[in-house]
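Colleague: my questions are about this predicted structure, shown below with the sequence.
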Amino acid sequence: MTTPLRLLILEDKSTDAELMMLELQNAGFAPEGQRVGTEQDYLAHLDANLDVILADYALPQFDALRALQLLQAQDYHIPFIVVTGNVSEEIAVECIKRGASDYLLKDRLARLGPAVMQALERKRSDQEMRRRLQELTAIHKAGQRLQKLQSPQELAQEIIQVLEDTLNYEQGAVLLIDQASGKLIPFAVSDQGMGPNFVKLDKAYILSRGAQLGVSITGWVAQTGQSACVGDVRQDPRYQAVRPNILSELCVPLRAGDRVIGVVNVETTRLNAYTESDQRVLETVAAQIATAIQNAHLFDEVSAAREGLKKLSTRILSAQEDERRRLARELHDEIGQALTAVKINLLGMQHVPVATALAPYIDDSVATVERALQQVRNLSLDLRPSLLDDLGLVAALRWYVDRQAQRAGFVGKFITNPLDPRPASEIETACFRIVQEALTNVARHAQAQHVRVELRASDSELRLVVRDDGIGFDVPAARERAAHGASLGLLGMEERAHLVGGQIEIESAPGRGAEIRVRLPLHAPRTT
């Protein structure tokens, strides 16, 4: 049995070329190819599909080293054997250094067959190494790309791209086991000419069309956890035709620990298309895909839990504001009015003649009631200033800055521009509470002489800046204390800003004062 051999002979003597062909035939080859003698003809017949190139060292206006250089410029990995009538040891070594596979003398052509055989074997070995390196590189890059993605849509498209980079197929799919129905349902599919798709399925589709475990090649792989490489699906009783003309199928399981969560499946119209090497590659890629899918599911669960906590926090803060508003109204309307009535009665008793002896007690009671009334007013204003609801954020902040400046003894300055239209109620409340917490911290800790509050509005957002010239503080240390429950002021401000879709930055250092910068949307995000 002869071995086909596609070759190119660089030789100016036809008789020498015929001798080479004859020697190769004697060695068991069926050589086919061209003899060329010039650089132009050489380039015209240079082809990546050649099995070997045989070259005389010296030709008129051309030589083997130049031929090697032209071959390497094309990036063709073709064995190059120098066959010459006379060559020195230095020239032979130089040819090998430049990339020649071997060299031999024309009077020793008996070595040509074994030399070609060795060169072809090295070529196959080099090709296998290059292919393996390409596979490992593709697998490494695939893992890096897959681990960066978190949304199911992006992940599905990237999975298909990874499969297309590593294997040839007409149809590929990632199918996941639905725990409720026990069926395989598509997560990502790719059909030749259609491109990658993310498949979002409803319950009806799952129940009516999802593949049963144990049924079909994919169902068998999902049930047993074993890979299947089928060279001719027509001979496999497990195969269920979905696409016409499919001949080869490769399917491997997706595993999360010891549990099979789905399969990766590729199909092609070529017979015996997939090898054990392809199976190993797909199994490696499948492990990365399974990890990425698990990470995406965990991300979805964490995101859902975080969103639930956000909605719960929003409702809690809303309920707190409603309760503050109710308590402030009751303090003002009920308790305040009752204390006012007591005060009036006490003042009236001062004019009754029989109350002369009781005058000191009445005066003391009037003073006590006056203090209680002031405390009720202060509590009512601190809980929920009516200005915020009645006149809006600007009026409430101007009043609050002046009030805190008088209380704490610093010089307060409030700067703003008109807010038109008026921000949403949730935004006004969040902004006011952040200023309230910031000025409370200034009064308690900062020892500031001057405090500046700026409120600016643009087309889409509010920008708030609270700046003081106090003693400052270590922000990371304060966050650490807050995380352990020592002080919740910073966390409270951040929570309020984030819950309405805003951002907050806190900048300070010991001896350098503090600055709080807040950006809030004009309209609160929707919550359900």
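Modeller: Alright, I've got the coordinates.
Colleague: C-alpha only now, for contacts and for neighbours.
Modeller: Noted.
Colleague: please tell me I have it right and Leu247 contacts Thr269.
Modeller: Yes: judged on C-alpha atoms under 8 Å, Leu247 makes contact with Thr269 at a distance of 5.0 Å.
Colleague: which sections of the stretch 351-500 of the chain are below the confidence cut-off?
Modeller: For the stretch 351-500 of the chain, the stretches with pLDDT under 70 are 351-359, 361-363, 366, 369, 372-385, 387, 483-488.
Colleague: contacting residues around the residue nearest to Asp236 when sequence neighbours are not counted?
Modeller: Distances taken as C-alpha to C-alpha, 6 or more residues apart in numbering put Val230 closest to Asp236, at 7.6 Å, once the chain neighbours are dropped. By C-alpha atoms under 8 Å, 6 or more residues apart in numbering, the contact list for Val230 reads Asp236, Ser248, Glu249, Leu250, Asn272, Tyr274.
Colleague: next: Arg422.
Modeller: Here Arg422 is in contact with Gly392 (criterion: C-alpha under 8 Å, 6+ apart).
Colleague: what secondary structure does it sit in?
Modeller: Three-state assignment for Arg422 (DSSP: H, G, I helix; E, B strand; the rest coil): coil.
Colleague: again with Gly412
Modeller: With three-state DSSP as the basis, Gly412 sits in strand.
Colleague: name the nearest residue to it, sequence neighbours excluded.
Modeller: Leaving out its chain neighbours, the residue that sits closest to Gly412 by C-alpha to C-alpha, 6+ apart is Val451, at 4.9 Å.
Colleague: can you confirm the one you found is in a strand?
Modeller: Yes: the assignment for Val451 is a strand, going by three-state DSSP.
Colleague: Asp469 is in contact with that one, correct?
Modeller: Yes: with contact defined as C-alpha under 8 Å, Val451 counts as touching Asp469 (6.9 Å).
Colleague: which one of the two has more residues nearby?
Modeller: Neighbour count, other C-alpha atoms under 10 Å: between Val451 and Asp469, Val451 has more, with 22 against 18.
Colleague: dump the residue contacts of that one.
Modeller: Applying C-alpha under 8 Å, 6+ apart, we find Val451 in contact with Phe410, Val411, Gly412, Lys413, Val466, Arg467, Asp468, Asp469.
Colleague: against Val466, how distant is the closest residue to Glu428 other than its chain neighbours?
Modeller: Leaving aside its sequence neighbours, Glu428 sits nearest to Leu393 (C-alpha to C-alpha, 6+ apart; 5.7 Å). Going from Leu393 to Val466 by C-alpha to C-alpha, to the nearest Å gives 15 Å.
Colleague: also Ala287?
Modeller: 52 Å.
Colleague: before we move on, what about Leu391?
Modeller: Distance, Leu391 to Val466, using C-alpha to C-alpha: 22 Å.
Colleague: go on, Ala256?
Modeller: Going from Ala256 to Val466 by C-alpha to C-alpha gives 50 Å.
Colleague: which one of these two has more residues nearby?
Modeller: Each of Ala256 and Val466 has its neighbours counted (other C-alpha under 10 Å); Val466 has more, 20 against 14.
Colleague: got a list of what that one touches?
Modeller: Val435, Ala438, Val451, Arg452, Val453, Glu454, Glu515, Ile516, Arg517.
Colleague: which one of these sits closest to Arg124?
Modeller: Arg124 lies nearest to Arg517 out of the contacts of Val466, by C-alpha to C-alpha, at 65.7 Å.
Colleague: that older thread, pull the most distant pair out of the contacts of Val466.
Modeller: For the contacts of Val466, the farthest-apart pair by C-alpha to C-alpha is Val451 and Arg517; their separation is 13.8 Å.
Colleague: helices along the stretch 351-500 of the chain, start to end?
Modeller: Taking DSSP state H, counting those that start in this stretch as the test, the helices found in the stretch 351-500 of the chain are 359-383, 386-390, 393-408, 425-441, 475-483, 489-499.
Colleague: that concludes my questions; thank you for your assistance.
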